[in-house]
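# Turn this into a structure:
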Amino acid sequence: MQRQDIDPKKLFVIVVLTTLFIFAYQAYLILFPPQSTQGQGNQTIKEEKASPEVPQLLLGTTREKAKPTNLVSYKSEKFELVFAQEGGRLVGFKDLKYNKELITEDEKRLNLFPLEVFTGDPNIDLALNSENYEVKVEGNRIRLSLKKENWSIEKILEDRGNYFVLSVVGKNLPPVFVSSGLQVKENDFYTHSGPVLKVGDKVLRLGIKDIQSKELIVGDIKFAGVESRYYFKGFQGDISASAVYRVGEKDSLVLVRAERPLNLYMGAKEYSRLKLLGLSDVIDYGSLKLLVKPLFVFMYWIYEHLNSWVFSILALTLSVRLLMFPLTYKSTISMMKLSELAPRMQQLKEKYKDDPVKFQEEMIKLYSEVGFNPASGCLPILLQIPVFFALYKVLTITADLQLAKFLWINSLAEKDPFYILPVFMGITMIAQQFISPSPEKSQNFMMYISSVVFTFLFANFPSGLVLYWTFNNIISLAQSYLIKKLITKPKAKEEKKGKKK
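Got it, this is the predicted structure:
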């Protein structure tokens, strides 16, 4: 059978359309992330509207007016906590490394705080979350106690450095639920914000708008809480049931049944903290998890050894470029061969301008003569697309990047305030076209246009992502230059020897 070759123009169009489709699909996933399906695996999710198993939050009662006034502070190396005697609740919690207060203005407005406890009995719950507790700080332990005539409760927090161990001991009380509080408010950049739970082996990220008032989740729950882009407030341990609430239009809250001691984690979703606690699944790797997680772990490993996210991004870029070097080499060689064929291609165009079928046949023969493969120039672009989107996800979920600086940029998690880096990235993309131009002027024009489009597109992206693409372009330029030098020098020497003879 005769081998069917592909017209490079058609192949170029296919690659461009494929790239645009993937960009559009990923943009759709970013803007409209799919929510986890409820009721899968070994978990059960039940909507409860009147069941005593799901406590009432007592909103719309007198609780909103009873603001806490008697406060007790506790400060560790990493966190600063403020407890209210009224209700024995957590009314202040600052992650000192990130200088971030995790108790939100909505929690203060609603008087609805972490460590509130609920039994399902409104009268008891009102007393549990409003009457004065005895608060004692004993070294690294905070003890909050309330004794009534017929019942008593004690909440004990033990500081373990990166997290706290919470024990809730009730006497003559029904099973107690404890609150995570509301999720932190921040620029989510199309990441999930709301309830997140691990039930069995599955991680559920629930959309706030999908929660019908309140829901009860039962099963083998490993952790439960609320998350935003960079922060998590919740519990980890042996949890048999969790209640999920929708509070207003944009807030959510999670209660967990406190039958035994639980680990309380409130703070940045910093991988080094979470992995020690077995909470690394709190990090949202997205739909490309199989690619995102290894990249994330690799980058974090480099960061831990070099203590620099800039070097970590550079190391990842070098690794990707080295892995794709064989393809890049073939692509550069093919483009050089195609450039050499430009005069002959023009001759064929003129000769068969009225016979496109014949022109195509002659072009294929010409490609075969010099060993040009149209597909070799497109593979590096196609292979970089999933890597790009995986890295996009990595750099939008890495909490540590909030503190990473680069020259005039205060945070690699945010856009360049002066747009200098995106412009420089666009210049490097245009420079690539000068180093390796296509013999087809229309293709060069399209690439120049795409460089401008990418510059505007990347202007509002996290600076870490723009830095990666800039490093990638610079390394690509260096590779193309070296490959050309390695090839053109031997050819020049051969031509000189031929002339001397």
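# Mean pLDDT per helix and strand in this protein: which one sits at the bottom?
Each helix and strand of the chain was given a mean pLDDT (mean pLDDT, DSSP states H and E); the minimum falls on strand 44-47 at a mean of 46.
# Whatever helix or strand comes next after that strand packs against which elements?
Remark: after strand 44-47, the chain's next helix or strand is strand 71-75, criterion DSSP states H and E. Counting contacts by 3 or more Cβ pairs under 8 Å, 6 or more residues apart in numbering; DSSP states H and E, strand 71-75 packs against strand 79-84, strand 89-95, strand 134-138. C-betas here are computed from N, CA, C, even on glycine.
# export those strands to TSV and tack on mean neighbour count and mean pLDDT?
Below are the helices and strands packed on strand 71-75 laid out as TSV (neighbours: other Cβ atoms under 10 Å; pLDDT from 0 to 100):
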stretch	mean neighbour count	mean pLDDT
strand 79-84	21	96
strand 89-95	22	96
strand 134-138	13	94
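# Out of the ones you listed, which gets nearest to Arg257?
The closest of these to Arg257 is strand 89-95. By Cβ to Cβ, the value is 18.3 Å.
# Give the partner strands of that closest one in its sheet and their orientations.
strand 79-84 (antiparallel), strand 100-101 (antiparallel) (DSSP bridges).
# Could you export that strand as CSV, CA atoms only?
Output of strand 89-95 as CSV, limited to C-alpha atoms (Å, rounded to 0.1, in the frame of the first residue of the first chain):
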residue,chain,number,x,y,z
ARG,A,89,-15.8,29.2,71.0
LEU,A,90,-12.9,30.1,68.8
VAL,A,91,-13.4,33.7,67.8
GLY,A,92,-9.9,34.4,66.5
PHE,A,93,-7.4,32.2,64.7
LYS,A,94,-4.4,33.6,62.8
ASP,A,95,-1.9,31.6,60.7
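# Residues in contact with that strand: which ones?
In this structure, residues lying in contact with strand 89-95 by Cβ atoms under 8 Å, 6 or more residues apart in numbering are 68, 71, 73, 78-84, 100-103, 108, 113-116, 129, 181, 231, 266-268.
# Can I get the buried ones among those as something I can paste into PyMOL?
A single PyMOL command selects the buried members of these (16 or more other Cβ atoms under 10 Å):
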select buried, resi 68+78+79+81+82+83+84+100+102+103+113+114+115+116+129+181+231+266+267+268
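# Just to be sure, Ile142 is in a strand?
Yes. Counting by DSSP: H, G, I helix; E, B strand; the rest coil, Ile142 is part of a strand.
# quick one: the residue nearest to it when sequence neighbours are not counted from Ser368, how far?
In space, Ile142 comes closest to Leu157 once its chain neighbours are excluded; the distance is 4.4 Å by Cβ to Cβ, 6 or more residues apart in numbering. Shown here: Leu157 relative to Ser368, a distance of 75 Å by Cβ to Cβ, to the nearest Å.
# who has more neighbours, the two?
Just comparing Leu157 and Ser368: by other Cβ atoms under 10 Å the higher neighbour count belongs to Leu157, 21 against 12.
# show me the contacts for that one.
Counting by Cβ under 8 Å, 6+ apart, Leu157 touches Arg141, Ile142, Leu144, Phe164, Val165, Leu166, Leu264.
# Is it in a helix, a strand, or coil?
Per three-state DSSP, Leu157 ends up strand.
# Could you check how far it is from Arg89?
In terms of Cβ to Cβ, Leu157 sits 12 Å off from Arg89.
# Ok, Ser228 next?
Taking Cβ to Cβ, one finds Ser228 at 21 Å from Arg89.
# Can you measure across stretch 118-135, start residue to end residue?
19 Å (Cα to Cα, to the nearest Å).
# swap in stretch 61-81?
27 Å.
# What are the contacting residues of it?
With Cβ under 8 Å, 6+ apart, stretch 61-81 has contacts from 82-87, 89-97, 108-112, 126, 129-130, 132, 135, 137, 140, 142, 159, 161-162, 266-267.
# What is the lengthiest strand in the chain packed up against?
Using DSSP state E, we find that the single longest strand of the chain is strand 231-247. Judged by 3+ Cβ pairs under 8 Å, 6+ apart, strand 231-247 is in contact with strand 177-182, strand 194-199, strand 214-227, strand 251-257, strand 262-268.
# can you rerun that using 6 Å?
Counting contacts by 3 or more Cβ pairs under 6 Å, 6 or more residues apart in numbering; DSSP states H and E, strand 231-247 packs against strand 177-182, strand 214-227, strand 251-257, strand 262-268.
# Give me the residues contacting it.
Contacts to strand 231-247, defined as Cβ atoms under 6 Å, 6 or more residues apart in numbering, come from residues 54, 180-181, 184, 195, 208, 211, 214-218, 221, 223-226, 252-257, 260, 262-264, 266, 268-269, 279, 282.
# Now do the buried residues in that strand.
Applying 16+ other Cβ under 10 Å to strand 231-247 flags 231-237, 239, 241-247 as buried.
# between these, which is closest to Leu290?
Distances from Leu290 to the buried residues of strand 231-247, taken by Cβ to Cβ, are shortest for Phe232, at 22.8 Å.
# which residue ranges form the helices in the protein?
8-31, 105-110, 122-128, 271-277, 289-306, 309-323, 325-340, 342-351, 356-370, 379-397, 420-435, 441-458, 463-500 (DSSP state H).
# follow-up on the earlier one: tell me the buried residues within the contacts of strand 231-247.
54, 180-181, 184, 195, 208, 211, 214-218, 221, 223-226, 252-257, 262-264, 266, 268-269, 279, 282.
# Out of the helices and strands packed on strand 71-75, the one nearest Met447 is which?
strand 89-95 (44.8 Å).
# which one is Tyr300 nearest to, not counting chain neighbours?
Tyr271 (5.2 Å).
# Please write out the alpha-carbon positions of stretch 179-189 in CSV.
Only the C-alpha atoms of stretch 179-189 are listed here, as CSV (Å, rounded to 0.1, in the frame of the first residue of the first chain):
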residue,chain,number,x,y,z
SER,A,179,-18.4,23.0,64.1
SER,A,180,-15.6,23.9,61.6
GLY,A,181,-16.8,27.4,61.1
LEU,A,182,-17.3,29.1,57.7
GLN,A,183,-14.8,28.9,54.8
VAL,A,184,-12.2,31.7,54.4
LYS,A,185,-13.0,34.4,51.9
GLU,A,186,-10.3,35.0,49.3
ASN,A,187,-9.8,35.3,45.5
ASP,A,188,-10.5,31.7,44.6
PHE,A,189,-9.3,32.0,41.0
